[in-house]
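Engineer: Here is a sequence with its predicted model. Questions after.
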Amino acid sequence: MIAVAGSGAFGTALAISLAANGQAVQLWARDPDHAEEMRRTRENARRLPGVALPDALQIITELETIPAEIPVLLSVPMQRLRDMLVLHKLALGGRPLVACCKGVELSTGLGPTAIIEELIPSAMPAMLTGPSFAADIARGLPTALTLACHDRAAGRALQQALSTHNLRIYRTTDTIGAELGGAVKNVIAIASGAVMGAGLGESARAALMTRGFAEMQRMALALGAQPETLSGLSGFGDLALTCTSDQSRNYRFGQSLGRGESFDASITVEGAATSRAVLERAREMKIDMPITEAVVAMLDGTLQLRQAMEMLLSRPLKEE
Ligand SMILES: NC(=O)C1=CN([C@@H]2O[C@H](COP(=O)(O)OP(=O)(O)OC[C@H]3O[C@@H](n4cnc5c(N)ncnc54)[C@H](OP(=O)(O)O)[C@@H]3O)[C@@H](O)[C@H]2O)C=CC1
Ligand SMILES: O=C(CO)COP(=O)(O)O
C-alpha cells in the first residue's frame with residue numbers, strides 16, 4: 001500500500017498510476033467537500049479533470065487512517081510543506097516520507113528533505129522529482145522520474161514500490177542535486193517563458209536554458225551535489241521539459257510576464273517564491289546567478305524584460 005497526501009494535480013496523477021498498477025492507494029484531501037466530490041464522481045474535477053479514479057484508489061480525509069510504516073508521498077506546494085508537516089506530525093512519523101514538491105523554502109532556504117528531517121526526525125526523507133506532467137502520468141503515458149534518498153536500502157524499496165507500468169523510476173542518494181535541479185529549473189522556465197512571450201525567439205531561449213543550466217550547476221555543486229544528478233532527469237531532463245512546454249505553469253506564467261499580461265494567482269507557480277529563495281542563498285554563498293537575479297527583478301517590477309536581456313547580453317565577455 002501507498003498513501004498520497006495532497007490531492008492536487010500531481011498527487012492525484014501519481015495515485016492514479018499506482019492504483020492502476022494494482023496497488024492499494026489512499027489519497028488524502030484536506031477539504032472534506034473535495035473528498036466527497038471525488039468519492040461521488042470518481043474524478044478529481046478540480047485539479048485533474050477528465051481522468052477516472054481507479055477502484056483501488058481510496059479517498060481519505062484523515063491522515064491518521066494511513067497504516068503505520070506505509071510510505072506517504074507529500075504532494076503539496078513547496079511553500080506549504082512546513083505547515084502541513086507541523087499540523088500532521090504525529091500521523092506522518094515513523095515511515096518513509098517522499099516529497100514530491102519542487103522548490104526551496106523562502107523563509108529558511110531549505111529544500112523539502114531538510115524540512116522533513118527538521119520536523120519529523122522519525123521519518124525517512126526522500127524526494128521524487130524529474131520531468132513529468134501530471135496529465136501525462138494520469139493518462140498512462142510513459143514517464144521517467146528520479147527517487148532520491150540518502151539511505152540506499154530505503155531508496156531501493158521506494159524505487160520498487162513506486163514503479164508502475166508507466167512510471168520508470170531511477171534512483172540516487174544525492175538528495176541535494178535532485179532537489180536543486182527541480183527547484184532551479186522552474187526559475188529558468190519562467191525566464192524562458194518570458195523570452196518567448198515577448199517574441200525574442202527560440203535562439204534566445206536556448207541560450208537562457210544553457211546558461212540557466214550553468215547557474216543550476218554552480219549552486220548545486222557548491223552545496224555538495226554530484227554533477228551526474230544535474231545532467232540527469234531531475235536537472236537537465238526537467239529543465240528541457242519545463243522550458244519548452246505550454247503544459248508547464250511556470251513557463252506559461254513567464255509567457256504572461258513577457259507579454260505584460262496578468263496571470264491567475266490561484267495557479268501553483270513554484271518558481272516565483274523559489275527564485276527569491278535561490279537568489280538569497282546565492283548571494284550568501286557569493287554564487288553568480290544572473291538569470292535568477294533578472295527573474296526576481298522582473299517579478300518585483302524593477303526590471304522590464306528587454307532591460308533584463310540587455311543586462312544579460314552586456315555582461316563581461318568570458319569563456320564558456
Ligand atoms: N502538476 C504537475 O504536473 C507536477 C507537479 N509537481 C510538483 O508537485 C507539487 C504540487 O503541485 P500540484 O499537485 O501540481 O499543485 P496543485 O496546485 O494542483 O495542488 C496543490 C495541492 O496542495 C494542497 N495544499 C495546498 N496547501 C496545503 C496545505 N497547507 N496543507 C495541505 N494541502 C495543501 C491543495 O489543496 P486544496 O485543493 O484543498 O487547495 C492541492 O490539493 C509542486 O511542488 C509541483 O512543482 C511535480 C511534477 C509535476
Ligand atoms: O514540474 C513539472 C514538470 O516536471 C511541472 O511543471 P509546472 O509546475 O511548471 O507545471
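Structural biologist: Sure thing, it's come through. These numbers come from a predicted model, not from an experiment. Ligands and ions are numbered 1, 2, ... in the order given.
Engineer: what residues does the stretch 51-200 of the chain put near ligand 2?
Structural biologist: 102, 131, 132, 133, 186, 189 (Cβ under 6 Å from any ligand atom). For the C-beta atoms, the positions are set from N, CA and C on the backbone; glycine is no exception.
Engineer: need the next SSE after the one helix or strand the last one maps to, C-terminal direction.
Structural biologist: Using DSSP states H and E, residue 189 sits in helix 175-197. Helices and strands here follow DSSP H and E; after helix 175-197, the next one along the chain is helix 202-222.
Engineer: how far out from the middle of the chain is that next one?
Structural biologist: Centre-to-centre, helix 202-222 and its host chain are 18 Å apart (Cα atoms, centre = their mean, to the nearest Å).
Engineer: Then stretch 262-276?
Structural biologist: Here stretch 262-276 is found 12 Å from its chain centre; the criterion is Cα atoms, centre = their mean.
Engineer: Let's see the distance spanning that stretch from one end to the other.
Structural biologist: End-to-end distance for stretch 262-276: 20 Å, by Cα to Cα, to the nearest Å.
Engineer: ok, which stretches of the stretch 51-200 of the chain are strands?
Structural biologist: Applying DSSP state E, counting those that start in this stretch to the stretch 51-200 of the chain gives strands spanning 57-60, 72-74, 96-99, 124-129, 143-148, 167-172.
Engineer: So is the fifth one next to ligand 1?
Structural biologist: This means strand 143-148. No: figure legend: strand 143-148 not in contact with ligand 1 (Cβ under 6 Å from any ligand atom); closest approach 8.5 Å.
Engineer: Report the buried residues of that strand.
Structural biologist: Within strand 143-148, the residues scored as buried using 16 or more other Cβ atoms under 10 Å are 143, 145, 146, 147, 148.
Engineer: circling back: next, format the strands of the stretch 51-200 of the chain as JSON lines and append mean pLDDT.
Structural biologist: Formatted as JSON lines, the strands of the stretch 51-200 of the chain follow (pLDDT from 0 to 100):
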{"stretch": "strand 57-60", "mean pLDDT": "98"}
{"stretch": "strand 72-74", "mean pLDDT": "98"}
{"stretch": "strand 96-99", "mean pLDDT": "98"}
{"stretch": "strand 124-129", "mean pLDDT": "98"}
{"stretch": "strand 143-148", "mean pLDDT": "98"}
{"stretch": "strand 167-172", "mean pLDDT": "98"}
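Engineer: how about those strands in JSON lines, adding distance to residue 233?
Structural biologist: What follows is those, written out as JSON lines (distance: least, Cβ to Cβ, whole Å):
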{"stretch": "strand 57-60", "distance to residue 233": "26"}
{"stretch": "strand 72-74", "distance to residue 233": "17"}
{"stretch": "strand 96-99", "distance to residue 233": "16"}
{"stretch": "strand 124-129", "distance to residue 233": "8"}
{"stretch": "strand 143-148", "distance to residue 233": "5"}
{"stretch": "strand 167-172", "distance to residue 233": "6"}
